[in-house]
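Engineer: No sequence on hand, only this structure:
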């Protein structure tokens, strides 16, 4: 599959360009969902109904943006984020941590931004779509942010079930949930009746009618106008989604001890090995939630300045634990090299 992005990914080592800056379409949708009045579940797992109740309970004065992320010639993914992320001044961003680009360890882990290594993983997976990596599988999008990888897995690659996990609850309720469900609604009816083909994202060549391009424009126009608001009231759709997705939030060390004992065939992750201080709990999380015959795909920069993380540091840590085998499956040559890693349990640890 010939796969390329219609936006530039910067090679600057210290400041990366947000791919959403190259959006082709932007629509403002009203609704809000903060976590201040949203009850915490003991196991930190949210269902589709929880996300819907959250949105429906909020007034309309708080606005959200829907940005179009163009992927090559075929895939158009809608990204939902709160408008106030772009309206806050710098001091407010630093105080609250609600900014799409900054990282505040253990407060805000960058979930409102689409990081470039996410796109690297997406590129690799799309090029290997014929291998049916996801078909019928249980998948986790670990450190999901807005949920690009998990949304791809279930919409375009026929995953059986996807769990979206992020550190911040606000990211899950304000961005991941709306983004994933909006794209499901546009490109795939989870009862099995597709808007076009049975696999996923709305594509230029997938509609059966001769007027496929105009059909796409009409569908996306509706999506960026009222579909996001309307889908929360579509009980049949939400019931179907519940069978296919859920959401998990919180620190990895806390989630390891939660009551969720589900195992996953595939775990996807991007930019999660930037801080060596997180390695122990990340490794333990992967060890707990990956099936013994499962696989992990992880995107990373070669090095992250200031916190010491990166491919070499992670490789050495994984070797020291002697649980997983790891190899590089995709390399992106840039000023700061990026890679996609593949991890599996060592054969002696699969029993």
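Structural biologist: Everything's here; your move. Just so you know, these numbers come straight off a predicted model, no measurement behind them. Numbers count the residues shown, from 1 in each chain.
Engineer: Mean confidence (pLDDT) on stretch 138-145, please.
Structural biologist: Mean pLDDT, stretch 138-145: 96.
Engineer: which parts of that stretch are buried?
Structural biologist: The neighbour-count check on stretch 138-145 (16 or more other C-beta atoms under 10 Å) flags 138-145 as buried. Bear in mind the C-beta positions are built from the backbone N, C-alpha and C, glycine included.
Engineer: Tell me which of those residues fall in helices.
Structural biologist: Residues of the buried residues of stretch 138-145 located in helices (DSSP state H): none.
Engineer: Name the nearest of the residues you listed relative to residue 66.
Structural biologist: Proximity to residue 66 was ranked across these by C-beta to C-beta; first place goes to residue 145, at 15.9 Å.
Engineer: ok, then the element right after the longest strand anywhere in the chain?
Structural biologist: The longest strand of the chain (DSSP state E) is strand 290-301. Counting by DSSP states H and E, the element after strand 290-301 in chain order, helix or strand, is helix 311-321.
Engineer: how about low-confidence regions in the chain?
Structural biologist: 1-43, 58-63, 71-75, 84-111, 187-227, 259-260, 350-351 (pLDDT under 70).
Engineer: Helices of that one, residue ranges please.
Structural biologist: 48-56, 84-87, 90-96, 116-127, 148-155, 169-171, 177-187, 212-222, 228-231, 235-242, 252-256, 279-289, 311-321.
Engineer: Report all helices and strands that the longest one contacts.
Structural biologist: Contacts defined by 3 or more C-beta pairs under 8 Å, 6 or more residues apart in numbering; DSSP states H and E place helix 116-127 against helix 148-155, strand 264-270, strand 290-301, strand 324-332, strand 338-345.
Engineer: same check, this time on the fifth one
Structural biologist: Using 3+ C-beta pairs under 8 Å, 6+ apart as the contact criterion, the elements in contact with helix 148-155 are strand 75-82, helix 116-127, strand 138-142, strand 161-166, helix 177-187, strand 264-270.
Engineer: Adding distance to residue 348, write the ones you listed out as CSV.
Structural biologist: CSV is the format used below for the helices and strands packed on helix 148-155 (distance: least, C-beta to C-beta, whole Å):
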stretch, distance to residue 348
strand 75-82, 40
helix 116-127, 28
strand 138-142, 24
strand 161-166, 28
helix 177-187, 37
strand 264-270, 20
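Engineer: out of these, nearest to residue 302?
Structural biologist: With C-beta to C-beta as the criterion, residue 302 lies closest to helix 116-127 of the helices and strands packed on helix 148-155, at 10.7 Å.
Engineer: Now do the buried residues in the closest one.
Structural biologist: Across helix 116-127, burial judged by 16+ other C-beta under 10 Å covers 116-126.
Engineer: Between strand 138-142 and it, find me the angle.
Structural biologist: Relative orientation of helix 116-127 and strand 138-142, computed by axes from the mean of the first three to the mean of the last three C-alpha atoms, to 10 degrees: 160 degrees.
Engineer: and the angle for helix 116-127 with strand 290-301?
Structural biologist: Going by the same axes, to 10 degrees, helix 116-127 makes 120 degrees with strand 290-301.
Engineer: Distance to residue 265 added to the helices of the chain, as JSON lines?
Structural biologist: Shown next, in JSON lines, are the helices of the chain (distance: least, C-beta to C-beta, whole Å):
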{"stretch": "helix 48-56", "distance to residue 265": "21"}
{"stretch": "helix 84-87", "distance to residue 265": "34"}
{"stretch": "helix 90-96", "distance to residue 265": "37"}
{"stretch": "helix 116-127", "distance to residue 265": "14"}
{"stretch": "helix 148-155", "distance to residue 265": "10"}
{"stretch": "helix 169-171", "distance to residue 265": "24"}
{"stretch": "helix 177-187", "distance to residue 265": "19"}
{"stretch": "helix 212-222", "distance to residue 265": "31"}
{"stretch": "helix 228-231", "distance to residue 265": "28"}
{"stretch": "helix 235-242", "distance to residue 265": "20"}
{"stretch": "helix 252-256", "distance to residue 265": "18"}
{"stretch": "helix 279-289", "distance to residue 265": "11"}
{"stretch": "helix 311-321", "distance to residue 265": "20"}
